[in-house]
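Chemist: got a predicted structure here, sequence first:
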Amino acid sequence: NANVTGESTSLQTTTTINDVLTNTSGTDQTVTYTITPSGSNGCTADAYTVTVTVQPEPTLDATDLTNTSCSDVALSRDLTLDVTETGTTFTWIAADNANVTGESTSLQTTTTINDVLTNTSGTDQTVTYTVTPSGSNGCTADAYTVTVTVQPEPTLDATDLTNTSCSDVAL
């Protein structure tokens with residue numbers, strides 16, 4: 001099948017079909033195997049066919065998998081915009097960054113990454129999310145990553161925030 005990769009197209013002599021089939025079309029595809037059993041006595045039985053329907057997995061459509069966010073601002077990354085199929089569900093998790101708080105380091109099942117990330121370092125930090133989409137047909141796509149650069153908030157460097165002024169004198 002021109003829309004499927006991974007099928008064995010040469011004669012195999014195993015007792016198990018263990019091909020890893022990849023549907024490249026976006027719609028259900030079929031692969032048909034012809035099996036001819038042979039007994040230990042040398043006799044061969046009639047050939048029969050096994051047809052496998054290969055359902056597609058969600059296709060990544062995102063062109064930009066990076067975000068930039070200011071510290072203490074909700075991320076609001078809509079994952080449904082990353083794939084072409086409607087009805088796709090997602091699991092996602094962030095890798096821990098010791099200089100950032102607020103990243104979800106336990107598995108989440110929402111369609112939006114809405115973490116409020118706080119950069120505690122004073123320099124740009126990155127948080128990497130691993131996202132796994134699953135189609136409405138139950139097929140799971142390969143995981144992809146979304147990288148977020150979290151910019152720090154400006155810090156106040158004043159030691160004395162009080163002023164004294166006389167009346168009618170500009171500060």
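Modeler: That came through, no problem. Residues are numbered from 1 along each chain as shown.
Chemist: any chance you could map the strands in the chain?
Modeler: Ranges of strands in the chain, per DSSP state E, are 4-5, 22-23, 29-35, 48-54, 66-70, 73-74, 77-78, 89-94, 100-101, 112-113, 116-119, 125-134, 144-151.
Chemist: to residue 167, which of these lies closest?
Modeler: Smallest distance to residue 167 across the strands of the chain (Cβ to Cβ): 40.0 Å, for strand 66-70. For glycine as for every other residue, the C-beta is placed from the backbone atoms N, C-alpha and C.
Chemist: and of the strands of the chain, who's closest to residue 15?
Modeler: Nearest of the strands of the chain to residue 15, taken as Cβ to Cβ: strand 29-35 at 10.1 Å.
Chemist: what's the angle from that closest one to strand 48-54?
Modeler: 160 degrees (axes from the mean of the first three to the mean of the last three Cα atoms, to 10 degrees).
Chemist: which residues sit against strand 29-35?
Modeler: Strand 29-35 has contacts (Cβ atoms under 8 Å, 6 or more residues apart in numbering) with 1, 3-4, 7-8, 17, 19, 21, 23, 47-54, 56.
Chemist: quick one: buried residues of it?
Modeler: By 16 or more other Cβ atoms under 10 Å, the buried positions in strand 29-35 come out as 29, 31.
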